[in-house]
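Q: Return atomic coordinates for the entry below.
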Amino acid sequence: MNRQMELAHLRLADRHIVDGELRISAQAALVERMRGGQLPIAPAEELLVLLRGTLVEWQHHRELIVAALMVSSRQRSPIEGIGTHGSGCLLMFRALVN
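A: The predicted structure follows:
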């Protein structure tokens with residue numbers, strides 16, 4: 001895949017992460033509001049867990065895109081202007097390619 005396409009995927013991944021964080025915040029607030037009422041909150045809590053798991057997957061995907069960009073350009077440090085998110089998948093990828 002060419003660099004421009006990878007950068008486009010990175011921008012899309014960043015948007016997904018931001019959107020996911022917003023959805024999680026909204027769902028967490030909804031769960032808290034529901035706690036005081038008489039409605040069952042289990043479905044809302046299950047959705048919150050699912051959203052959090054999806055966000056982790058999106059963060060891992062973003063890290064893989066960053067790693068692919070780094071490998072393609074033979075860089076060993078984060079690309080200028082591009083931070084890392086998530087739980088260190090990028091470090092594991094680096095260990096595999098070195």
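Q: buried sites along stretch 3-12?
A: 6, 9-10 (16 or more other CB atoms under 10 Å). The way it works is simple: take the backbone N, C-alpha and C, and place the C-beta from them, glycine included.
Q: State which helix of the chain is the longest.
A: Taking DSSP state H as the criterion, the chain has its longest helix at helix 3-35.
Q: Give the single residue among the buried residues of stretch 3-12 positioned nearest to residue 68.
A: Ranked by distance to residue 68 (CB to CB), the buried residues of stretch 3-12 are led by residue 6 at 5.8 Å.
Q: Report the spatially nearest residue to the closest one, omitting neighbours in sequence.
A: residue 69 (5.2 Å; CB to CB, 6 or more residues apart in numbering).
Q: if I look at the residue most central in space within the chain, how far off is residue 18?
A: Taking CA atoms, centre = their mean as the criterion, residue 59 is the residue nearest the geometric centre of the chain, at 2.4 Å. Taking CB to CB, to the nearest Å as the measure, residue 59 falls 11 Å from residue 18.
Q: So which other helices or strands are in contact with the longest helix of the chain?
A: helix 42-72 (3 or more CB pairs under 8 Å, 6 or more residues apart in numbering; DSSP states H and E).
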